[in-house]
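Trainee: Dropping the sequence and predicted coords here.
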Amino acid sequence: METISQVLLGAFSVYVMYKFIRSLRLVPNQYAYIVERLGNYQKTLGPGFHALIPFVDKVVYKQDLREETIEVEPQECFTKDNVKVEVDGVIYLSVMDPVNASYGVTNYRYAAVQLAQTTTRSVLGNMELDQTFEERAAMSREVVSVLSEVEQLWGIKVHRYEIKNILTPRTVQKAMERQMTAERDRRAIIATSEGVKGSKVNDAEGMRAEIINISEAEMQRRINEAEGQAEEILAIAEATAKSIEEIAGALAQPKGTEAMRLQLSEQYLDVLSGLGRDENNVILPKDISNYDAIMEGLSLGEITANKKES
């Protein structure tokens, strides 16, 4: 009997020693320990060394404050056009309030995954199949928005949600491949037709530019010829006016009239000598015996008239 009492006493001593040792806690960095005293929340232990009251205080939760990566298992969803797809993803979150993460929800990891899955199903149900591949970012934002509504209650912070895969049945994949092939063929045909159209437009513009250049060159040539003729006429007129002015000035000089008459007489005689040179005819004035009278009445108009009569 005494031996049994000693064994029991020894076991009790070991248990008490164990409790005293367990009351000394060393909390690692980026961890938080939730302590209850007689079943009620007492305090939260941060990183460092802490001493608790044996048999009274108890560490009931150990929360990791680092960012966690939680896999969202694949689930079957139906799109707006009744196509079954399989979607999975990843949630990135961290504990911000250890107390709410411990008492606000039974298991915040499981709860976050379930809420992400239900939200994904709801979002996909409002999209057609083609949109699901284009609107991944919108779907992720919607899931994060829904999870943010329970962040304070659950004591967590959802940083982001990423959709990993959107898998469709093989029959749908084949149909999508045929559609993409047809779309690529259509784009190739359109690109070829646009190239032919651009080539014809360029050829037409080139011909138009060539015709315009030729017409402008011809117009410039005619303008140049007209300007040349105008300059020639102007030069002749200026020369004629100048010669007339010089003749008038010479006539105004002393003995100018006699010099002009002498020159006209010489021209008159040259005209008479030239007329009929190639023929067997001799042309004489109508009154050759009165040479002085002829010379006195001689004028440039008479010589011109004689030229016309001859």
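Mentor: Ah, there it is.

Trainee: Residue 87: helix or strand, and which one exactly?
Mentor: Assigned by DSSP states H and E, residue 87 falls within strand 84-95.

Trainee: So residue 63 belongs to a helix, correct?
Mentor: No - with DSSP: H, G, I helix; E, B strand; the rest coil as the criterion, residue 63 is assigned strand and is not in a helix.

Trainee: these two touch, right, it and residue 101?
Mentor: Yes - applying CB atoms under 8 Å as the test, residue 63 and residue 101 come out as touching, 5.6 Å apart. From N, CA and C alone the C-beta is placed, and that goes for glycine too.

Trainee: So for the two, which sits in the more crowded spot?
Mentor: A count of neighbours by other CB atoms under 10 Å puts residue 101 above the other of residue 63 and residue 101, at 23 against 18.

Trainee: Could you find the closest non-adjacent residue to that one?
Mentor: Sequence neighbours aside, residue 155 is the residue nearest to residue 101 in space, at 3.7 Å (criterion: CB to CB, 6 or more residues apart in numbering).

Trainee: Ok, residue 81 next?
Mentor: Going by CB to CB, 6+ apart, residue 81 has residue 128 as its nearest residue, at 4.8 Å.

Trainee: so who does the one you found touch?
Mentor: Applying CB atoms under 8 Å, 6 or more residues apart in numbering, we find residue 128 in contact with 79-81.

Trainee: which residue is nearest the centroid of the chain?
Mentor: In the chain, the centroid-proximal residue (CA atoms, centre = their mean) is residue 191; its distance is 19.3 Å.

Trainee: Please report how far that one lies from residue 265.
Mentor: To residue 265, residue 191 is 93 Å away according to CB to CB, to the nearest Å.

Trainee: And for residue 252?
Mentor: Distance of residue 252 to residue 265, computed by CB to CB: 21 Å.

Trainee: what does residue 12 give?
Mentor: Distance from residue 12 to residue 265, by CB to CB: 174 Å.

Trainee: the more surrounded of those two?
Mentor: Counting neighbours by other CB under 10 Å for residue 12 and for residue 265 shows that residue 265 has the greater number, 15 against 10.

Trainee: show me where the protein has strands.
Mentor: Along the chain, counting by DSSP state E, strands occupy 24-27, 31-37, 40-45, 48-51, 57-64, 68-78, 84-95, 156-167.

Trainee: Domains in the chain, by residue range?
Mentor: If you go by automatic domain parsing, the domain ranges for the chain are 19-64, 68-168, 179-250, 253-309.

Trainee: Extract the residue ranges of the stretch 201-310 of the chain that are flagged as low pLDDT.
Mentor: Applying pLDDT under 70 to the stretch 201-310 of the chain flags residues 250-251, 253-256, 258-260, 262-264, 267-269, 271-310.

Trainee: What are the boundaries of the helices in it?
Mentor: Ranges of helices in the stretch 201-310 of the chain, per DSSP state H, counting those that start in this stretch, are 256-274, 291-296, 300-309.

Trainee: and the residue nearest to residue 101, what does it touch?
Mentor: For residue 155, counting by CB under 8 Å, 6+ apart, the contacting residues are 95-102, 104, 108.

Trainee: Give me the buried subset of those residues.
Mentor: Buried members of these, scored by 16 or more other CB atoms under 10 Å, are 95, 97-98, 100-102, 104, 108.

Trainee: And those residues, which is closest to residue 56?
Mentor: Distance ranking of the buried ones among the contacts of residue 155 against residue 56, using CB to CB, places residue 102 first at 19.0 Å.

Trainee: quick one: contacts for the closest residue to the closest one other than its chain neighbours?
Mentor: Spatial nearest neighbour of residue 102, chain neighbours left out: residue 61 (4.2 Å); criterion: CB to CB, 6+ apart. By CB under 8 Å, 6+ apart, the residues touching residue 61 are 33-34, 98, 101-102.
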